[in-house]
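Student: got a predicted model here, sequence first, then my questions.
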Amino acid sequence: MPQKITDTAQLSCSQGTTASNLSVTSQNFSMAEGKYIATEQDKQANTNIKPFGQCKLKPSSGGYLPCTPMPTMWQKTTEKDTINNYKILTEDSFCMCGTGGEISVDNKGHSEKHEIKN
């Protein structure tokens with residue numbers, strides 16, 4: 001069963017060269033292991049989702065250009081569980097990037113077990 005993810009969850013982009021950590025700003029009261037639980041609203045580039053190194057879809061004469069995320073909408077969120085009426089992100093959640101890659105969760109950011117009600 002998929003687990004909720006929190007602040008500091010590790011994300012990667014299928015077209016980026018490095019991983020980055022998620023920063024939760026959508027809410028400030030629901031936590032797991034002292035870290036805020038992520039929701040579908042945590043999708044702002046450079047605020048919630050940091051760059052992923054260099055973008056393989058942006059070649060240049062000097063290598064690849066920076067991988068600046070352009071997240072669209074999170075998919076595979078919880079169906080019933082919400083925080084502030086926003087669906088919660090799970091380790092199965094992913095988000096398409098406007099540049100062409102797919103942003104996914106590599107590590108949920110905590111070690112607790114949190115059952116999801118679908």
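Tutor: Right, received. Where do you want to start? Residues are numbered from 1 along each chain as shown.
Student: gap between stretch 8-22 and the chain center?
Tutor: Centroid separation for stretch 8-22 versus its chain: 8 Å, with C-alpha atoms, centre = their mean, to the nearest Å.
Student: what comes up buried for it?
Tutor: 8-9, 11-13, 15-17, 20, 22 (16 or more other C-beta atoms under 10 Å). Heads up, the C-betas are built off the backbone N, CA and C, glycines and all.
Student: biggest separation within these, which pair?
Tutor: Thr8 and Gln15 (22.6 Å; C-beta to C-beta).
Student: mind checking how far the worst-scoring helix or strand of the chain on mean pLDDT is from the chain centre?
Tutor: When the helices and strands of the chain are scored by mean pLDDT, DSSP states H and E, strand 31-32 comes last with a mean of 92. For strand 31-32, the separation from the chain centroid amounts to 16 Å (computed by C-alpha atoms, centre = their mean).
Student: ok, now stretch 64-72?
Tutor: A distance of 14 Å separates the centroid of the chain from that of stretch 64-72, by C-alpha atoms, centre = their mean.
Student: alpha carbons of that stretch, as PDB, please.
Tutor: Output of stretch 64-72 as PDB, limited to C-alpha atoms (Å, rounded to 0.1, in the frame of the first residue of the first chain):
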ATOM      1  CA  TYR A  64      23.100  20.400 -21.100                       C
ATOM      2  CA  LEU A  65      21.200  23.400 -19.900                       C
ATOM      3  CA  PRO A  66      19.900  23.500 -16.300                       C
ATOM      4  CA  CYS A  67      16.900  21.300 -15.400                       C
ATOM      5  CA  THR A  68      14.400  23.800 -14.200                       C
ATOM      6  CA  PRO A  69      11.200  22.000 -13.200                       C
ATOM      7  CA  MET A  70       7.900  23.000 -14.800                       C
ATOM      8  CA  PRO A  71       5.500  20.700 -12.900                       C
ATOM      9  CA  THR A  72       2.000  20.400 -14.200                       C
END
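Student: list the buried residues for that stretch?
Tutor: Buried residues in stretch 64-72 (16+ other C-beta under 10 Å): 64, 67-71.
Student: can you list contacts of that stretch?
Tutor: By C-beta atoms under 8 Å, 6 or more residues apart in numbering, the surrounding residues in contact with stretch 64-72 are 13, 15-18, 43-46, 48-56, 58-59, 95-99, 101, 103.
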